[in-house]
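Student: Just to be clear, the model below is a prediction. Sequence and coordinates:
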Amino acid sequence: MSRRNNLVHQALQLIVNTGDHGVLQSELWRKLSASSREGSRIALKLENKGFIRRERELFSGRWTYRLYPKRRPTSINSIIDCPCLMCPEGFRCGAWSSTSPNKCEKLTEWILNLMQNGTNPSGDN
């Protein structure tokens, strides 16, 4: 893997790990030991591919960009209390069978509770 591809991968990992807080572009390049020119090109590449979003920000009297991940890794915590995981009818459940997620009251209730609490079932919040 070339140095540039390695930097792109490392940059994306660092940005994803910042979550909703994001990271200043200048901070990221320092962490990667890259030049600002290299860093700007990597940020633009990641933005053009749809992996991150860049928001202009005034920081310490200078304009820079804060980089945010567009997607975050999901975790098992997003579905840990889904009723389907422990359902005794799970082996029979299917879209066109007599037991169906389309008609399941427990599943519907779980999804409605997630929506009321402002939680995204995919774990992306």
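Tutor: It's in. Numbering: from 1, shown residues only.
Student: Listing request: residues of the protein with sub-threshold pLDDT.
Tutor: Scanning the chain for pLDDT under 70 picks out the ranges 1-4, 118-125.
Student: same thing but at 80, please
Tutor: The model of the chain has pLDDT under 80 over residues 1-5, 72-78, 118-125.
Student: What are the structural domain limits within it?
Tutor: Annotated domains of the chain cover 3-69, 76-116 [automatic domain parsing].
Student: among those domains, which is the most enclosed?
Tutor: Sort those by mean neighbour count, taking mean count of other CB atoms under 10 Å, and domain 3-69 sits at the top with a mean of 15. (C-beta placed from N, C-alpha, C; glycine too.)
Student: Is it correct that Glu47 is in contact with Arg54?
Tutor: Yes - counting by CB atoms under 8 Å, Glu47 touches Arg54, with 5.4 Å between them.
Student: show me where the chain has strands.
Tutor: Listed in chain order, the strands of the chain (DSSP state E) span 23-24, 52-59, 62-69.
Student: So which of those strands is nearest Pro88?
Tutor: Pro88 sits nearest to strand 62-69 of all these, at 38.6 Å, using CB to CB.
Student: export the closest one as PDB, just CAs?
Tutor: C-alpha atoms of strand 62-69 as PDB (Å, rounded to 0.1, in the frame of the first residue of the first chain):
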ATOM      1  CA  ARG A  62      -8.000  31.300  11.300                       C
ATOM      2  CA  TRP A  63     -10.400  29.600   8.900                       C
ATOM      3  CA  THR A  64     -10.100  25.900   8.800                       C
ATOM      4  CA  TYR A  65     -12.400  22.900   8.300                       C
ATOM      5  CA  ARG A  66     -13.900  20.500  10.800                       C
ATOM      6  CA  LEU A  67     -14.200  17.000   9.400                       C
ATOM      7  CA  TYR A  68     -17.100  14.800  10.300                       C
ATOM      8  CA  PRO A  69     -17.700  11.200   9.400                       C
END
